[in-house]
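Student: Build me a structure from this.
(2 chains)
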Amino acid sequence: MTDVREAQFVGRTTDGRTVRRPLSPHLQIYKPQITSALSIFHRVTGCALSAGTLLLVWWLVAAATSDHAFASVSAVVHTWVGHLVLFGWTAALWYHFCAGIRHLVWDAGYGFELPQVHASGRLVLIATAVLTVLTWFVGLVIV
Amino acid sequence: MANAPHQTVMRSGLGKARGLGSAKTGTAHWWAERATSIALVPLTLWFILAMFRLVSAPRFAVMAWAGNPLNATLLLALVIITFHHMALGLQVVIEDYVHAEKTRLASLLAMKGLTALLAIAAIVAVLKLALAA
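Tutor: Okay, the predicted model is just below:
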């Protein structure tokens, strides 16, 4: 045992032997559900957005540095790979944004009934899709 | 008997924790994550609206935009709060998945240091743009 918390997983059988108590099964054992899937996706998009901040910092630093540095950011962003990254970035941002608001509503004490949880989960997915498509529609067509 | 764990700690985790008070900064961490997320709602919307125009704009347009004190203020707020929120979130992810004490400590320090450096780089860039005009 390397962790004191593991002491809590030690039990005794009726004949006095120490045994390791069973842990709850790991992720892949469970049947996928919208509740767990969206929870995991909130964490995944949070990590993806953390990586995405590199792009923001690069853009800001390049703008503050020189025309040459700024041109290299623009050149990368305006390739099809750059657009793909930006599309993923906006989708992850809108998902984390909507799911984050869902979390704040829970924190305020609302929406804990299972039908409400399922409905708000579906709403988050729909809102993410609508906002992502809307962002790119406005960005590419209107502006 | 093959699967019987070796018990080196006689007291349970609960027994060790009892009487020591709260989990120290747990509540502050939880609150900071929420407070920053609330602040990021309007700031993110403002940033996305601004980016519609700026994503394809030439450098002088970005410089003029960031040179406006109101934009510079909101941009600094966005950068500082984003990186604070990000460090809090990544901390929980590391604490959840990295179990070995030394690796966990090293990962946390590396993440906090990297996040702080990125934040400072962004802040310096925004200040340079803001004060250049």
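
Student: CA only for contacts and neighbour counts going forward, please
Tutor: Fine.

Student: list the buried ones in the longest helix along chain A?
Tutor: The longest helix of chain A (DSSP state H) is helix A:34-65. In terms of neighbour count (16 or more other C-alpha atoms under 10 Å in any protein chain shown), helix A:34-65 has its buried residues at A:38, A:41-43, A:45-47, A:49-50, A:52-53, A:55, A:57-64.

Student: out of these, which touch chain B?
Tutor: A:43, A:46-47, A:50, A:57, A:60-61, A:63-64 (C-alpha under 8 Å from any C-alpha of the partner chain).

Student: where do the helices sit along chain A?
Tutor: A:34-65, A:67-77, A:80-107, A:114-137.

Student: what packs against the first one?
Tutor: Counting contacts by 3 or more C-alpha pairs under 8 Å, 6 or more residues apart in numbering or on different chains; DSSP states H and E, the secondary-structure elements packed against helix A:34-65 are helix A:67-77, helix A:80-107, helix A:114-137, helix B:59-67, helix B:69-97, helix B:101-132.

Student: could you give the mean pLDDT of the third one?
Tutor: What helix A:114-137 shows for mean pLDDT is 97.

Student: Ok, the second one next?
Tutor: In this model, helix A:80-107 has a mean pLDDT of 97.

Student: where's that helix relative to the chain centroid, distance-wise?
Tutor: Here helix A:80-107 is found 7 Å from its chain centre; the criterion is C-alpha atoms, centre = their mean, to the nearest Å.

Student: Can you read off the pLDDT for B:Asn3?
Tutor: B:Asn3 carries a pLDDT value of 61.

Student: Also the one 10 residues further on?
Tutor: On pLDDT, B:Gly13 comes in at 75.

Student: Could you verify my assumption that it touches A:Gln8?
Tutor: Yes - when contacts are counted by C-alpha atoms under 8 Å, B:Gly13 is listed as touching A:Gln8 (6.3 Å).

Student: is the lowest-mean-pLDDT helix or strand in chain B up against chain A anywhere?
Tutor: Lowest mean confidence among the helices and strands of chain B (mean pLDDT, DSSP states H and E): helix B:13-17, at a mean of 75. Yes - under the criterion of C-alpha under 8 Å from any C-alpha, chain A is reached by helix B:13-17 at B:Gly13.

Student: is chain A contacted by the helix or strand following that helix?
Tutor: Sequence order places helix B:26-54 as the next helix or strand after helix B:13-17, per DSSP states H and E. Yes - for helix B:26-54, a contact with chain A is found by C-alpha under 8 Å from any C-alpha, at B:34, B:37, B:41, B:52-53.

Student: Buried subset of the residues you listed as a PyMOL selection?
Tutor: Buried subset of these, written as a PyMOL selection, criterion 16+ other C-alpha under 10 Å:
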select buried, chain B and resi 34+37+52
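
Student: out of the residues of helix B:26-54 next to chain A, who's nearest B:Arg59?
Tutor: Nearest to B:Arg59 among the residues of helix B:26-54 next to chain A, counting by C-alpha to C-alpha, is B:Arg53 at 12.2 Å.

Student: per-residue pLDDT, the nearest residue to the closest one once chain neighbours are set aside?
Tutor: Closest residue in space to B:Arg53, ignoring its immediate chain neighbours: A:Val143 at 6.9 Å, by C-alpha to C-alpha, 6 or more residues apart in numbering or on different chains. We have a pLDDT of 70 for A:Val143.

Student: What residues does chain A have near chain B?
Tutor: Within chain A, the positions near chain B by C-alpha under 8 Å from any C-alpha are A:1, A:4-8, A:10, A:17-20, A:43, A:46-47, A:50, A:54, A:57, A:60-61, A:63-65, A:67, A:70, A:74, A:97, A:100, A:104, A:138-139, A:143.
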